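>>> model this:
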Amino acid sequence: MERSTKVRQWLIAALTLAIILYCAAGLDYSGLAAFSPSMGMDVLSGLMKPNWGFVYDGSGEDLVSLLLLTIGIAFLGTAIATVLAIPVMLLSASNLWRSHPWVARVGKFVCNVLRAFPELVYAIIFVRVVGPGPFAGVLAIGVHQIGMLGKLYTEEMEAMDEEPVEAVRAAGGNFWQAMFYARVPQLMPIYTSLSLNHFEIAVRSASTLGLVGAGGIGAPLIFAIQARNWDQVSIILLGVILTVFLLDLLTGYIRKKLR
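This next block holds a predicted model:
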């Protein structure tokens, strides 16, 4: 028995290594021919000299203004997703539809469809539908995260302790009374923590949505990279890193208080 387990582990390791080597062999390495150490040093030297004048100039196109816009896009998109993921969860949780399991299957299929595409794909679609700007970014993040949060909310609903629910029903409570008095108190801290975590993820996503015209810091970043303005690239990257770090501290503090 022990020998067969070791053989299985070795086979899995060998298969994994074979897949890695196959993927590595399929890559195109021709771009390395154009690489030169001097080019790399030019990029590094430019990144080491941030353009501090871009931090704030009152134009609305400076780093502070665009980062605030990026955070706003992420926050509003996550807020929309948090609200709309709840009815999706109510349709997807199998323990809420024991007598009609097909309803839960439909709800989970909707979650799978919504999260199948990344925010960037949704952003391209919504830029065509509602025009370029932050609203397209909000919709892209919101739609994608409805599927993500709906899936996570559903998993927590299905894994929760059912004893409080049974106690409420034994006392004569109906479905909604069991929901608000037994399920919600258990799940609300977890759901809040999940939403805060996805807000952090949304900030990172919103930083790239400007690449396709969906607002935020992404557009100036890609323009600076294309123009090889490495000093501006450097200050934008520093701003994004600092923003993500501060948001991580804030959301971590809130999650700690919710425990």
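>>> Quick check: which ranges of the protein have low pLDDT?
The model of the chain has pLDDT under 70 over residues 1-2, 31-32, 35-36, 39, 259.
>>> Show me the helices in it, by range?
For the chain, the helices defined by DSSP state H occupy 2-25, 37-47, 63-92, 101-114, 119-130, 134-159, 163-170, 175-178, 184-209, 218-226, 230-258.
>>> Quick one: closest of those helices to Asp57.
helix 63-92 (9.0 Å; C-beta to C-beta). Placement of C-beta: from N, CA and C, glycine included.
>>> Can you give me the buried ones in that closest one?
Buried residues in helix 63-92, counting neighbours by 16 or more other C-beta atoms under 10 Å, are found at 63, 66-67, 69-82, 84-85, 88-92.
>>> packing partners for that helix?
helix 101-114, helix 134-159, helix 184-209, helix 230-258 (3 or more C-beta pairs under 8 Å, 6 or more residues apart in numbering; DSSP states H and E).
>>> Next, the angle from that helix to helix 218-226.
Relative orientation of helix 63-92 versus helix 218-226 (axes from the mean of the first three to the mean of the last three C-alpha atoms, to 10 degrees): 120 degrees.
>>> now helix 63-92: how far from the chain's centre is it?
The chain centre lies 10 Å from the centre of helix 63-92; the measure is C-alpha atoms, centre = their mean, to the nearest Å.
>>> which residue is nearest the centroid of this protein?
In the chain, the residue lying closest to the centroid (C-alpha atoms, centre = their mean) is Ile201, at 3.8 Å.
>>> quick one: that one from Leu67, how far?
From Ile201 across to Leu67, the span is 16 Å (C-beta to C-beta, to the nearest Å).
>>> can you check Gly147 too?
Distance, Gly147 to Leu67, using C-beta to C-beta: 27 Å.
>>> pretty sure Thr243 is touching Leu67, no?
Yes - Thr243 lies in contact with Leu67 (C-beta atoms under 8 Å); the separation is 5.4 Å.
>>> Return the backbone torsion pair for Arg228.
When read as degrees, to the nearest 10, the backbone of Arg228 gives phi 60, psi 30.
>>> can you count the residues close to the closest residue in space to it that isn't next to it in sequence?
Residue nearest to Arg228 in three dimensions, not counting chain neighbours: Gly46, with 7.6 Å by C-beta to C-beta, 6 or more residues apart in numbering. For Gly46, the number of neighbouring residues by other C-beta atoms under 10 Å comes to 17.
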